[in-house]
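>>> Predicted model and sequence below, questions to follow.
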Amino acid sequence: MKRAETLAGWGRSPVVPGCEVRSEDLPRITVGRPLTRGLGRSYGDSSLPAAGDPVVASAVLADRILAFDPDSGTLRAEAGLPLSDLYRLFLPRGWFVPVTPGTQFVTVGGMVASDIHGGNHHRDGCFGAHVTELRMRVADGRIVDCSRTEERDLFRATVGGMGLTGHILEVTFRMVRVSSPWLWGESERVRNVGEFVEVLGRAAADWPFTKGWIDCVSRGKNLGRGVMFRARWAQGAEAPAKPPTPKKGFTLPMNLPSWTLNRLTARVFNGLYYQTHPTRPASVIHPDVFFYPLDAIRHWNRVYGKKGFTQYQCVIPHSSGPRALTRFLEMVTRPGVVASPVCVIKDCGPEGDGLLSFPKSGISFAIDFPVRPWTQGLIDSLNDLVVGEGGRIYLAKDTFTRRDHFAKMEPRLAEWQSIRRQWDPEGRLRSAQSERLLDLGPTKGGSP
Ligand SMILES: Cc1cc2nc3c(=O)[nH]c(=O)nc-3n(C[C@H](O)[C@H](O)[C@H](O)COP(=O)(O)OP(=O)(O)OC[C@H]3O[C@@H](n4cnc5c(N)ncnc54)[C@H](O)[C@@H]3O)c2cc1C
């Protein structure tokens, strides 16, 4: 058992009173607990305890692979298994996860609860699309198996349900065969956001993995410029004979002063990045470099100093067109706002069956902002725009969205709430995020 006085997510804001109970016996430590968390890589308050309910379960010691069938690729694992273990063990043997986020330091339970997406969303959907079964401890203490055929509603509400329908104990999903453990990819400089939409759309047909870095500081003629990256698994002679060896990273040893990130430093960084990333023809790429560039710096979140940061990730439907995307970029680059150089643009495909799952067909922006007095106001105005365009935000990144904004973005919320209330009529499962965004109190008059 590990105890700490306070808990925080990856953005290190908010910091709340709380502690984790850790054990290899995840079924035991989830009894009566309000929430389970994984490696705490969600940015905001989704993995944090609600006020007055400070002890949460941690899945990280329940990390065993329970079964693997090499004919079908079906793998069953305890919820605390880190993606980094799967990557290290399976890629040299010709297997990879069907969907990966931008860090390998997440658990499979966290990947289900956030229904994570990657650069292949336009082709393969979210991680949940490849999950076949979940074993859960639900609020009344029972252990329940659910899938698309058994307790289907519980399954749909849990995929992307941020841990609020029950504790995920085991996950069964399909790994995919890859042609080699190396990637083959190219990059292209892009002049503005309209061009980004075009190149993302064109690349979707031929490339399983697409994403772009977008300059969220420059304005005027440089508004929305960036670099587009596309890749697929290398084939035959394209791949070096030896499997890739893990890249050595370094650790940021301490918090940097909060002023390190300002408009000037961000503008200088972005200018240099753009100039040093010209259009490049296809070549072999190390998967660490393509999938997990930020993992090379351990504790990179210390760059933002003690006050922490938030990541705002939204999706704006394709039907809104470049006009809405330009308006969005004008808001994040306006004087007084400091966007960090870590800004990603992605193309999302159609939404999946997870009822609170984030992606829907459209263009997604993910942008880091330091926590400052202006952050709440900025996110309120970005959310006004996103609501107006029929888009939505990603709960795994969120800290600042207001309840009324979220309700307007989520036409699926009522159905999710109704399923959740059937499984947890007393509102036992809670998080700091659910207290802020959702009404999860006890059902009046018992079960609905
Ligand atoms: C550098 C970086 C890059 C990222 N890139 C992407 C990306 O490309 N795409 C993407 O989709 N996400 C991305 N993320 C977000 C990350 O993938 C998700 O936040 C993921 O859920 C974190 O997993 P975790 O194990 O750390 O979960 P935590 O952060 O600990 O928890 C996240 C949520 O899952 C719930 N949860 C965790 N384990 C369980 C369990 N066993 N049972 C029930 N509920 C549980 C928690 O209660 C919480 O609501 C990124 C994060 C970082 C730091």
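Looks like it arrived, so ask away.
>>> CA atoms for contacts and neighbours, from now on please.
Will do.
>>> looking at it, residue 330 is touching residue 221, isn't it?
No. Using Cα atoms under 8 Å, residue 330 is not in contact with residue 221, being 11.7 Å away.
>>> Which one of the two is surrounded by more residues?
Neighbours per residue, other Cα atoms under 10 Å: of residue 330 and residue 221, the larger number sits with residue 330, 18 against 9.
>>> quick one: contacts for that one?
Counting by Cα atoms under 8 Å, 6 or more residues apart in numbering, residue 330 makes contact with 219, 223.
>>> Repeat the analysis, applying 10 Å as the threshold.
216, 217, 218, 219, 220, 223, 224, 324 (Cα atoms under 10 Å, 6 or more residues apart in numbering).
>>> Check whether stretch 14-25 comes near the ligand.
No. Stretch 14-25 does not reach the ligand (Cα under 6 Å from any ligand atom); its nearest approach is 10.7 Å.
>>> in the top helix by length along the chain, what's buried?
With secondary structure taken from DSSP state H, the chain has its longest helix at helix 375-389. Buried residues in helix 375-389, counted by 16 or more other Cα atoms under 10 Å: 375, 378, 379, 382, 383, 385, 386, 387, 389.
>>> What is the most widely separated pair among the residues you listed?
375 and 389 (21.2 Å; Cα to Cα).
>>> Save the buried residues of helix 375-389 as CSV, and put in pLDDT too.
Shown next, in CSV, are the buried residues of helix 375-389 (pLDDT from 0 to 100):
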residue, pLDDT
375, 97
378, 98
379, 98
382, 98
383, 98
385, 98
386, 98
387, 98
389, 98
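>>> could the residues you listed be laid out in TSV, adding distance to residue 170?
Below are the buried residues of helix 375-389 laid out as TSV (distance: Cα to Cα, whole Å):
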residue	distance to residue 170
375	37
378	39
379	36
382	37
383	35
385	39
386	35
387	35
389	37
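>>> which ones are touching residue 178?
91, 92, 93, 94, 95, 96, 97, 98, 232, 233, 234, 235.
>>> The ligand versus residue 316, what's the distance?
16 Å (Cα to the nearest ligand atom, to the nearest Å).
>>> Check the offset of stretch 344-357 from the chain's centre.
With Cα atoms, centre = their mean, to the nearest Å as the basis, stretch 344-357 stands 11 Å off its chain's centre.
>>> what's the span of that stretch from first residue to last?
This stretch, stretch 344-357, spans 19 Å end to end (Cα to Cα, to the nearest Å).
>>> Just the buried positions in that stretch, please.
Of all the residues in stretch 344-357, those buried under the rule 16+ other Cα under 10 Å are 344-349, 351-357.
>>> would CSV of the residues you listed with secondary structure and pLDDT be doable?
Output for the buried residues of stretch 344-357, formatted as CSV (DSSP: H, G, I helix; E, B strand; the rest coil; pLDDT from 0 to 100):
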residue, secondary structure, pLDDT
344, strand, 97
345, strand, 98
346, strand, 97
347, strand, 96
348, strand, 98
349, coil, 97
351, coil, 97
352, coil, 96
353, coil, 95
354, coil, 98
355, coil, 98
356, coil, 98
357, coil, 98
